[in-house]
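S.K.: Quick check, what structure comes out for this input:
(3 chains)
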Amino acid sequence: METRLVNYGASFFLISAYKNLLCTKFDYSNNLILILMKKTLIIISLFFANSLFAQNNEKTIPAVEIKTLDGKTFNTKDIDNGGKPIVIDFWATWCSPCKAELNAIAENYADWQKETGVKIIAVSIDDARNMEKVKPYVQGKNWEYEVLLDPNGDFKRAMNVNNVPHLFILDKDKVIVYQQNSAAPGDDEKLFELVKKVANNEPIK
Amino acid sequence: MKYNLLTALFFSFLLFFYSCDKIEGNKLEPVVVDIDTTEKPIVNPDSGFSTIKKVLVEDYTGHTCGNCPEAAIILHGLLESPIKNNIVPMAIHAGSFALPQNPDFTMDFRTPVGNELDAKFGISAVGNPNGMIDRFGYPNTQHIIYHSDWQSKVESRVSIPPPLFISIKNSFFSVSNKIKCQIKTNIVNTLSGEYKLSVFLIEDSIIADQKDYSLPSPSHVVNYNHMHVLRASFNGTYGDVIASNPTGTASNPVQFKKEYILNYNQAWNKNHLYVVAFVYNSQTYEVIQAEYRKIKT
Amino acid sequence: MHKIFFLLSVIIISGCYKSIAQNKQNQENNLGEIHGNVQVDFQVYNNDSAIGAPKVPEKFRLNGFTNLIYTKGKFTAGIRYENYQNALLGFDQRYNGSGIPFKFANYANDGWDITAGNYYEQFGSGLILRAYEERGLGYDNVFEGVRIKFSGIKGLMLKGLVGKQRVFFGLGNGIVRGFDGELSLNELIESRKDKKQNLFLGGSFVSKYQSDQNNIFILPENVGAWEGRARLVSGNFNFAAEYVYKINDPSAVNKYIYKPGEALLLSAAYSQKGLGINLSVKRIDNMNFRSDRDATLNNLLINFLPALTRQHTYNLAATIYPYATQPNGELGMQADVIYTIKKGSLLGGNYGTTVLFNFSNAYNIDVKPTGDEMGYKSDYFTFNNDMYFQDVNIEINKKINKSWKVNLMYANFVFNGKVITGVTDKTEVVYANIGVIDVTYKINSRNAIRTEMQSLTTKQDKGNWATFLSEYTFSPHWFYSVLLQYNYGNPNPDKRLLYPIGNIGYTKEAHRISIGYGRQRAGIFCVGGVCRQVPASNGLSVSITSSF
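M.R.: Next up, the predicted model:
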């Protein structure tokens, strides 16, 4: 996999860079302690640098306290669908493309659920100005999604979302396998294709 | 364990209730002379009593007021004219054109004193720029003078023989960051009514943004030179009573002397500060004499 | 010799470590995860005096930031680096520079959550305390200090915090202390678990300390505010009330009066399948609450006073006459109804038709000046005539068939430019009518084109405007758009200008780049009731955003 190549490439680069350091900067005649310090420092920094590249880049959902439409507190680590795919979609009542996509999906949501068991969680980032309008809107549009309220952007920040629309697809292990930072007409069909792949444990790419 | 911690939290919550300062009764600071006498200030010595009538020219302005630079030019012209020694200038930023605005006009030159004066004399309510010359003509909006009339009004006030003279001595304490001024007044006539002394601090040459409609759109001057900006007051908005129905003569004047102290605010430029002092009739608000002196640093 | 041995050991160690790290099979990562995002917005400015574009000496301005968050088990840490060299036109230039204004370490376990460093927080709906960020506005009043949360008992949430707020790349003068508690009756009391009615109660106390350096007035150094809130959820109904009381807080914004401040927010909502109704009322009296009493504009605000007006999405309705909350005093209400006409019926068509109706307004509160340092008295039930804003609008969404979708909107605005400064050219009351037709045509599964035609007609201020927008999306990655705005009704014939902007964008998963070129008219960009002026500009603008 490409990541492995990247890892090795990076390690070699780092090692060669430090090799120069080792060759030119050491003065063996002096201070053994200083030498030891330098060596440990280099090892430690290499270690961390390597961990940055070699680490498991798969992301899980952070644990953040937000609210449900009924006002109860909800911790995002409790997001669960019993091993079936989950879609987390950040939206707002003032974001037209977000609403357009969620409305397009709403028409076929029942079929999606029957076929894949997917659960769509629509997280609204509306603040106090519009927060009270979320439930009337959701009900008025007949959405069947689970809707959560994130008025101060805590979950949005923890998921590194810059702007809406932004959606995430999670696989059976609740690991994020796909993200999308846009919503164009027709994207809902493509989303369903991806969800089907995730439901069948196929890789997305 | 959890419940003990909970009760601890609850009591700490109660503690918060004590961090509240409700100010009842008097809201004004008492004027106290409290300077460390061992510190040596930089003194601008007593100016001595002038012999001429000095006229207080107040320009009510704001940094988003595009028509206001015109008035500042008139005031500047007066300060270069033959009667320049008879002018005591003051620019008060108040009203909606003085409000800070994003992104370019973020400075706030308003002061509580300036806001009160503007509300009292109703200047910004009429419009900006507008001013007062010796606050003469109050009330009935006769006191609000448009800048095109400033020259003629000043000339008419200058010819009045002054019944009172003011002298100012300034001291700047650079270690304790305080400004002290000593004001002396001599009344050489018999006057009827009560008279008050106001002492203010103004600052020259503040470089900041200004809207100027004489320039093409967007009419924005980035490095405008704001002059005579009112920064603070030594003795409140309306000042101190110095005399009531005084009977003074040239050889036996009615005297008044007082010292005032102000905290120097680091946001000001100490090299451009002036103390402005003027005496007015507390009924009619007419200013009978004014004076100003630079603070030496 | 030494060197070779050393290199070898490093390679072996890193090799061993890599193999451990890459063993992903059902194993929790032992070294945690690092994720983040990056966003860079830059613009290149041309001179354009016809539209009143300010001269930009640098020609090129950039706002950029990157966030990094590290999580391992119950521990999280993060930093954000921001760069404004120099800040884009329309952003407060006091941001110029770069630095790390946001850094934190957090540990959450067993109901306890402790954060040291920077944190965002909101008590209730934010009426008493809200620290948040809105990058598009250049708004960030994040706290720097310590925050402790306790949610170990089900149905109870306690929060305590202390900190100073951010202002540009520094910290504000005052220290803020806050405490908030909220309980949910159905979760707290075991016997109520499955009841249909649920009651939530909450309360907070926030106080700020700032020393008194003022010569004239005796200023309160500790200013405290109390808040109480309640929410009743019963079947399809949802009632909420929130009240804040703040003691004397003389400040630059309220002109140094000693009157206490109050804020009241009430809302009632009813919703069922196909119908949603919401009614809100708010009253604000002297609620400017900042950690530095001399701060102005959008700096160092402790609380958040929401504008209760509709947040419009269409350009002419959102950026020309938007309403910004008046912290010194306002009274307003909003009524919102959304109804979806069933599919299959005559008006509903094959897919159902949604009708949204919204009404909102804002007035000044009753003000009776007292002539002393208390400023004024205000009676709750006297309704003053000074209208600040009114917005009546109706919107219809209809999907005609698989390829065609139509949105229609009409709005009528009354905007008091005498009170809300910085929006109109002359200070006058503006009456405007806005109409929008928004049509989407899905050509096939990959291509779609959306066209908007908007019109704003008014006899005041800059006169009539027309906007034409066309957006073409080529799934999955590309989008192109053309925006034309024409101020055909300007009373000054020289100002009847055309503002064209072309945009191209490419999106792939969590990465997006968009490039625009053209003439941007001056406008106002608002989020939540906090606004930023966007000056007119001409040139290239690029935005790159990515999450990893």
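
S.K.: CA only for contacts and neighbour counts going forward, please
M.R.: Fine.

S.K.: closest point of the stretch 101-250 of chain C to chain B, which residue?
M.R.: Residue of the stretch 101-250 of chain C nearest chain B, by C-alpha to the nearest C-alpha: C:Phe217 (4.4 Å).

S.K.: which residues touch stretch C:316-328?
M.R.: Defining contact as C-alpha atoms under 8 Å, 6 or more residues apart in numbering or on different chains, one finds that stretch C:316-328 is touched by C:253-254, C:284-288, C:305-307, C:309, C:311-312, C:389, C:411, C:415, C:420, C:423, C:434, C:454-456, C:465, C:467, C:523-526, C:529-531.

S.K.: Compute the first-to-last residue distance for it.
M.R.: With C-alpha to C-alpha, to the nearest Å as the measure, stretch C:316-328 spans 28 Å from end to end.

S.K.: Same check on stretch C:186-204?
M.R.: Start-to-end, stretch C:186-204 (C-alpha to C-alpha) is 21 Å.

S.K.: quick one: average pLDDT of that stretch?
M.R.: Stretch C:186-204 carries an average pLDDT of 88.

S.K.: cool, and stretch B:270-286?
M.R.: Here the average pLDDT along stretch B:270-286 is 93.

S.K.: in it, what's buried?
M.R.: Buried positions in stretch B:270-286, judged by neighbour count with 16 or more other C-alpha atoms under 10 Å in any protein chain shown: B:270, B:272-282, B:285-286.

S.K.: which one of those residues is nearest chain A?
M.R.: Using C-alpha to the nearest C-alpha, B:Lys270 comes nearest to chain A of the buried residues of stretch B:270-286, at 43.9 Å.

S.K.: ok, the residue nearest to that closest one when sequence neighbours are not counted - how many residues close by?
M.R.: Excluding its sequence neighbours, the residue lying closest to B:Lys270 (C-alpha to C-alpha, 6 or more residues apart in numbering or on different chains) is B:Thr297, at 6.8 Å. Residues lying near B:Thr297 (other C-alpha atoms under 10 Å in any protein chain shown) number 15.

S.K.: residue contacts, B:Thr297?
M.R.: B:42, B:172, B:270-271.

S.K.: ok, now C:Gln43?
M.R.: C:60-62, C:88, C:539-542.

S.K.: which stretches of the stretch 51-200 of chain C form strands?
M.R.: For the stretch 51-200 of chain C, the strands defined by DSSP state E, counting those that start in this stretch cover C:60-72, C:75-84, C:97-109, C:112-119, C:121-123, C:129-131, C:133-134, C:139-140, C:143-150, C:156-167, C:170-171, C:175-184, C:197-209.

S.K.: Show the low-confidence segments of chain A, by residue range.
M.R.: Scanning chain A for pLDDT under 70 picks out A:1-57.

S.K.: per the record, what domains does it have?
M.R.: Per automatic domain parsing, the domain ranges recorded for chain A read A:2-54, A:60-199.

S.K.: Tabulate the ones you listed in TSV, adding columns for distance to B:Lys184.
M.R.: Listed next are the domains of chain A as TSV, based on distance: least, C-alpha to C-alpha, whole Å:
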stretch	distance to B:Lys184
domain A:2-54	72
domain A:60-199	58
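
S.K.: And those domains: which comes nearest chain B?
M.R.: Taking C-alpha to the nearest C-alpha, domain A:60-199 is the member of the domains of chain A nearest to chain B, at 19.3 Å.

S.K.: hang on, the earlier thing: who's the residue of the stretch 101-250 of chain C closest to chain B bridged to?
M.R.: The partner list for C:Phe217 in beta bridges (DSSP bridges) reads B:Leu28.

S.K.: That one and B:Ile23 touch, don't they?
M.R.: No: counting by C-alpha atoms under 8 Å, C:Phe217 stays clear of B:Ile23, with 10.4 Å between them.

S.K.: Please say which of the two ends up with more neighbours.
M.R.: Higher neighbour count among C:Phe217 and B:Ile23: C:Phe217, with 18 against 15, using other C-alpha under 10 Å.

S.K.: wait, what's in contact with B:Pro161?
M.R.: B:52-53.

S.K.: How about the secondary structure of it?
M.R.: Under DSSP: H, G, I helix; E, B strand; the rest coil, B:Pro161 falls in the coil class.

S.K.: Please report how far it lies from chain A.
M.R.: Counting by C-alpha to the nearest C-alpha, to the nearest Å, the gap from B:Pro161 to chain A is 64 Å.

S.K.: per-residue confidence for that residue?
M.R.: For B:Pro161, pLDDT reads 88.

S.K.: same thing with the one 4 residues further on?
M.R.: Model confidence at B:Phe165, given as pLDDT, is 93.

S.K.: how would you label it: helix, strand or coil?
M.R.: Following three-state DSSP, the label given to B:Phe165 is strand.

S.K.: still on that earlier bit, from the buried residues of stretch B:270-286, which is closest to B:Pro253?
M.R.: B:Val279 (15.3 Å; C-alpha to C-alpha).

S.K.: what about the strand or helix carrying that closest one, distance to the chain center?
M.R.: Assigned by DSSP states H and E, B:Val279 belongs to strand B:273-281. Distance, stretch centre to chain centre, for strand B:273-281: 7 Å (C-alpha atoms, centre = their mean, to the nearest Å).

S.K.: can you pull out the helices in chain A?
M.R.: A:2-25, A:32-54, A:96-116, A:131-140, A:154-158, A:187-199 (DSSP state H).

S.K.: could you say what helices and strands the fifth one packs with?
M.R.: Secondary-structure packing of helix A:154-158 (3 or more C-alpha pairs under 8 Å, 6 or more residues apart in numbering or on different chains; DSSP states H and E): strand A:65-68.
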